[in-house]
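> quick check, what structure comes out for this input:
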Amino acid sequence: MTDISTFNDSREGDGQFGDYVALLKPRVMSLVVFTALVGLIVAPGSVHPFVGFVSILFIALGGGASGALNMWYDADIDRVMGRTKGRPIPAGRVSEGEALGFGLALSGISCVMLALAANVFAGLFLAFTIFFYAVVYTVWLKRSTPQNIVIGGAAGAFPPMIGWAVATGGISVESVLMFAVIFLWTPPHFWALALFMNDDYTKAGVPMLPVTHGRRVTRKHIFGYTLILAPFALALAFTSIGGPAYGLTAVIFNILFIRGGWVILKRSEDAANADNFAVERRFFKFSLLYLFCHFSALLVDAALRATGVL
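Below is the predicted model of the structure:
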């Protein structure tokens, strides 16, 4: 009996740790870490490997802090949405107060430590990013306007600029264009998700574009943003961090992205309902590949420059 109780206690402890990890939104954090790392690596100059490692660690913690604060504030709507009701707070595994304290503590630690490890500008930039996501997007925009993901998407686009700031102490055309690619990619990415998660957003009262203006308008906006995104993505190829790998990637993937937006635009709602939004789901998944390949191509060109090939 004693052995079984001890085993159960250890399992409960493991579960609590996992719940706090879940508060950090690991999937979102992985995108933050990857794009910030690319920004740091492709930036001019050199950063000591240890400084680079701890900087990315604190940027990741900052991204996780944003996620925890988002889950704290959105606990009420997370309880309503099928996609989010299993999260730690609505499931009752972590209290709202614990999530708030956890998020605030990580915010302070990550920003201060990044400022000490890298430079003050990078630390302040991270603080602004956390504030933008937790307050400007989560508290203000998300429940007040169908443009929530358009403006709020800036928070997810800042990480490569922060990585660049770690290496250079400032910003540049290159870092702004990396920001622009993610910023303009975010609306079609999330609106594709919203097309097939529309019922959840409707129940929760979140004014996503399909909820307020309907799916037909949303499809037009998705296609429009794929057209706006393409020249910014291609422009990055002609900067100091671009190269043949990135240029080829940008041409191929933007053609495919625009084509995907066009297919979504021409879809009828009867066809979408008949196949359970299969096309929209594929576009959503492809959008993740789109972003990953663009930033991976920047790394390839950086490696080619470092070896003297370019």
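
> from here on, just use CA atoms for contacts and neighbour counts.
Fine.

> so which elements touch the host helix or strand of residue 200?
Element membership of residue 200, judged by DSSP states H and E, is helix 198-204. Where contact means 3 or more CA pairs under 8 Å, 6 or more residues apart in numbering; DSSP states H and E, helix 198-204 is packed against helix 209-213.

> and residue 251, how many residues sit next to it?
15 (other CA atoms under 10 Å).

> now residue 277: phi and psi?
With angles defined as degrees, to the nearest 10, residue 277 sits at phi 60, psi 40.

> dump the residue contacts of the residue sitting nearest the centre point of the chain.
Centroid check for the chain by CA atoms, centre = their mean gives residue 156 as the closest residue, at 4.4 Å. With contact set as CA atoms under 8 Å, 6 or more residues apart in numbering, residue 156 has these partners: 32, 133, 182, 183.

> give me the contact list for the helix holding residue 200.
Contacts to helix 198-204, defined as CA under 8 Å, 6+ apart, come from residues 77, 78, 80, 81, 82, 83, 194, 207, 208, 210, 211.

> could you dump these into JSON lines with neighbour count, distance to residue 71 and secondary structure added?
Below are these laid out as JSON lines (neighbours: other CA atoms under 10 Å; distance: CA to CA, whole Å; DSSP: H, G, I helix; E, B strand; the rest coil):
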{"residue": "77", "neighbour count": "18", "distance to residue 71": "10", "secondary structure": "helix"}
{"residue": "78", "neighbour count": "22", "distance to residue 71": "8", "secondary structure": "helix"}
{"residue": "80", "neighbour count": "17", "distance to residue 71": "13", "secondary structure": "coil"}
{"residue": "81", "neighbour count": "18", "distance to residue 71": "13", "secondary structure": "coil"}
{"residue": "82", "neighbour count": "14", "distance to residue 71": "15", "secondary structure": "coil"}
{"residue": "83", "neighbour count": "12", "distance to residue 71": "13", "secondary structure": "coil"}
{"residue": "194", "neighbour count": "22", "distance to residue 71": "19", "secondary structure": "helix"}
{"residue": "207", "neighbour count": "19", "distance to residue 71": "18", "secondary structure": "coil"}
{"residue": "208", "neighbour count": "25", "distance to residue 71": "18", "secondary structure": "coil"}
{"residue": "210", "neighbour count": "23", "distance to residue 71": "23", "secondary structure": "helix"}
{"residue": "211", "neighbour count": "20", "distance to residue 71": "22", "secondary structure": "helix"}
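
> from those, pick the one nearest residue 237.
Nearest to residue 237 among these, counting by CA to CA, is residue 194 at 30.9 Å.

> surely the closest one is in contact with residue 208?
Yes: between residue 194 and residue 208 there is a contact at 7.1 Å, judged by CA atoms under 8 Å.

> OK, contacts around the nearest residue to residue 293 once chain neighbours are set aside?
Nearest non-adjacent residue to residue 293, counting by CA to CA, 6 or more residues apart in numbering: residue 249, 7.1 Å away. With contact set as CA under 8 Å, 6+ apart, residue 249 has these partners: 293, 294, 297.
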